[in-house]
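Undergrad: Build the 3D model from these lines:
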Amino acid sequence: MRKLERGQHFAERGFASWEAFHRGDWETALSLVEEKRDLYAQQIAENARRGVRQRRLRVVEFPVTPYVQWELHVLRLRVEPGDDIRVVDARSIGDIERERPVPEAVILGDAALYEVIYDGEGNADGANRYTDHALIEETSAGFDTLFAGADEFLDFFEREIAPLPPPS
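TA: Numbers count the residues shown, from 1 in each chain. Modelled structure (predicted):
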């Protein structure tokens, strides 16, 4: 599975850490993220046992939005036990995004491509499903190219996110 995340603002209602972040309680948000460490490690280990390979590419705009700052703290807990996540600076893909931003996408092998749709408030609102093999192949190749040139997650996190003050 390949997942491309482009949006800079999302609502993750029902996720206690996001709810705390949304209320402006940064310290509680981070402590609630930390509570997920063992669960994430178990999920990643189970995927490895089943032979499921997942790669995620997170596009980040500057200045970093409060949501992305929070989300990268969550993703750090997934990377530490072995999740394969990289980060690409949105400025480096300007040539690709001349007409519109790259879509939020999930690619399931060569079987299906989903373009995830969100409403104006950042809530998931469905997906467009594509099964055309040529489209899936082209999108997968583009993902792989971007992924290969992206920053290693922990390097990016330490350089760009860790030094940031809590978002306001």
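
Undergrad: quick one: residue 8 and residue 63 touch, right?
TA: No - in this structure, residue 8 is not within contact of residue 63 by CB atoms under 8 Å, at 10.1 Å. (Each C-beta comes from the backbone N, C-alpha and C, glycine too.)

Undergrad: The chain: helices as residue ranges?
TA: 16-23, 26-34, 37-49, 66-79, 133-149, 153-156 (DSSP state H).

Undergrad: Format the ones you listed as TSV; extra columns: mean neighbour count and distance to residue 168.
TA: Converted to TSV, those look like this (neighbours: other CB atoms under 10 Å; distance: least, CB to CB, whole Å):
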stretch	mean neighbour count	distance to residue 168
helix 16-23	18	12
helix 26-34	16	9
helix 37-49	13	27
helix 66-79	21	7
helix 133-149	14	31
helix 153-156	17	22
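
Undergrad: Out of the ones you listed, flag the one nearest residue 163.
TA: Nearest of the helices of the chain to residue 163, taken as CB to CB: helix 66-79 at 10.9 Å.

Undergrad: what's in contact with that closest one?
TA: Counting by CB atoms under 8 Å, 6 or more residues apart in numbering, helix 66-79 makes contact with 8-10, 17-18, 21, 29-30, 33-34, 36-37, 40, 44, 56, 58, 60-61, 64, 83, 85, 87, 122, 153-154, 157, 161, 164, 167-168, all of which sit outside it.

Undergrad: related to what we said a few turns ago, neighbour count: residue 8 and residue 63, which is higher?
TA: Here residue 8 and residue 63 are set side by side on neighbour count (other CB atoms under 10 Å), and the busier one is residue 8, at 17 against 9.

Undergrad: how much space between the nearest residue to residue 26 once chain neighbours are set aside and residue 74?
TA: Among residues not flanking residue 26 along the chain, residue 166 sits closest, at 3.9 Å (CB to CB, 6 or more residues apart in numbering). Note on residue 166: its distance to residue 74, by CB to CB, to the nearest Å, is 15 Å.

Undergrad: quick one, what contacts residue 106?
TA: Here residue 106 is in contact with 1, 2, 3, 4, 113, 114, 116, 127 (criterion: CB under 8 Å, 6+ apart).

Undergrad: List the beta-bridge partners for residue 85.
TA: Under DSSP bridges, the beta-bridge partners of residue 85 are residue 56.
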